[in-house]
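Asker: got a sequence here, can you model it:
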Amino acid sequence: MGRTAPEEVTLQVVLVLLFGLESVQLSKSDMKSLNFSFNRLPMKLFKTTNISIINDCRLYFGTKPPGELYLKRREKFLVAYNSLDNFLCKM
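Answerer: Next up is the predicted model:
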């Protein structure tokens, strides 16, 4: 995609890459790495190192930090998983 795709498209592609991550347990170190990586992406995308600007961009585009998204999705996944009536899932 490089610099040719609109920012909205780039951000949505990155969010798709997070799909399925909620099915694994991440350590604190993994969460820090995830947040760091996804903080760097908008910095490069919008050519700024100002975290305030990055947070404003997240607000404008309606995206949350990946750690926050992960925790929300993980909780939803675990609720759905625990409600399954599948023998293999209960093992």
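Asker: Phe36 and Val9, how far apart?
Answerer: Applying CB to CB, to the nearest Å, the value for Phe36 to Val9 is 23 Å. C-beta: built from backbone N, CA, C; applies to glycine.
Asker: equivalent analysis for Val16, please.
Answerer: Counting by CB to CB - Val16 and Val9 are separated by 11 Å.
Asker: what does Tyr60 give?
Answerer: 15 Å.
Asker: please apply the same query to Thr63.
Answerer: Distance from Thr63 to Val9, counting by CB to CB: 13 Å.
Asker: these two: which is more packed in?
Answerer: Each of Thr63 and Val9 has its neighbours counted (other CB atoms under 10 Å); Thr63 has more, 18 against 11.
Asker: secondary structure element for the closest residue to the more buried one other than its chain neighbours?
Answerer: Distances taken as CB to CB, 6 or more residues apart in numbering place Leu11 nearest to Thr63, at 6.0 Å, with adjacent residues excluded. Using DSSP states H and E, the element containing Leu11 is helix 7-17.
Asker: what comes up buried for that helix?
Answerer: Thr10, Leu11, Val14 (16 or more other CB atoms under 10 Å).
Asker: which one of the residues you listed sits closest to Asn55?
Answerer: Lowest distance from Asn55 to the buried residues of helix 7-17 (CB to CB) belongs to Leu11, with 13.9 Å.
Asker: residues contacting the closest one?
Answerer: Pro42, Leu45, Phe61, Thr63 (CB atoms under 8 Å, 6 or more residues apart in numbering).
Asker: go again with 10 Å.
Answerer: By CB atoms under 10 Å, 6 or more residues apart in numbering, the residues touching Leu11 are Ala5, Phe38, Leu41, Pro42, Leu45, Cys57, Arg58, Phe61, Gly62, Thr63.
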